[in-house]
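A.B. asks: Below are the sequence and a predicted model for it; my questions follow.
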Amino acid sequence: RLAPDARLNPHRSVLGTGNYDVNVIMAALQSLGLAAVWWDKRRSLERLVLGQIVGFILNVPSHVSLGFVALPLRRKHWLAVRQLGGTYYNLDSKLRAPARIGGEAELRAFLRDFLAQGLCEVFLVVPRAVEEAGAWLSPE
């Protein structure tokens, strides 16, 4: 739908291994009444209004492997973080099961650790009304 006239899908890896670009994620969220808001790394994570945020999507560097052999290559990988019952979980598809992050303080530390690695992008998943009002960010 994003590239109806394209012979090859410009929004995913040419190898056909997934690795979709952010436009696919944004379109999928939009179809659910949600939006992806890019997080500016220069801001303090303390300014996040976590009660207004449905979840997080991170684009992080990831090692490439063939079976058990790790290659000296890195490519970008998407992972999601979601809260359930007051606890945040890392829903990375490369994990065997969701990994418990913890509460709000642990979530901020988790995000801070990924952002400190560099080459990481964080997107907030919020309802459209929250995006439009900017209610995901507390005033300075």
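C.D. replies: Yep, it's here.
A.B. asks: So which residues of this structure form helices?
C.D. replies: Using DSSP state H, the helices of the chain run over residues 22-31, 104-116, 128-133.
A.B. asks: what about this structure, any weak spots by pLDDT?
C.D. replies: Scanning the chain for pLDDT under 70 picks out 1-20, 63-75.
A.B. asks: is it possible to export the helices of the chain to JSON lines including mean neighbour count and distance to Leu91?
C.D. replies: For the C-beta atoms, the positions are set from N, CA and C on the backbone; glycine is no exception. Formatted as JSON lines, these follow (neighbours: other Cβ atoms under 10 Å; distance: least, Cβ to Cβ, whole Å):
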{"stretch": "helix 22-31", "mean neighbour count": "15", "distance to Leu91": "14"}
{"stretch": "helix 104-116", "mean neighbour count": "15", "distance to Leu91": "12"}
{"stretch": "helix 128-133", "mean neighbour count": "14", "distance to Leu91": "21"}
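A.B. asks: got CSV for those helices, with distance to Val49 too?
C.D. replies: Formatted as CSV, the helices of the chain follow (distance: least, Cβ to Cβ, whole Å):
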stretch, distance to Val49
helix 22-31, 18
helix 104-116, 11
helix 128-133, 9
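A.B. asks: So for Asn59, which of these sits nearest?
C.D. replies: Nearest to Asn59 among the helices of the chain is helix 22-31 (7.4 Å), distances taken as Cβ to Cβ.
A.B. asks: now that closest one, how far from the centre of its chain.
C.D. replies: 12 Å (Cα atoms, centre = their mean, to the nearest Å).
A.B. asks: So what's the residue count around the residue lying closest to Leu119 once chain neighbours are set aside?
C.D. replies: Take Leu119 and drop its neighbours on the chain: the residue closest to it by Cβ to Cβ, 6 or more residues apart in numbering is Pro61, 5.1 Å away. Number of residues near Pro61 (other Cβ atoms under 10 Å) recorded here: 13.
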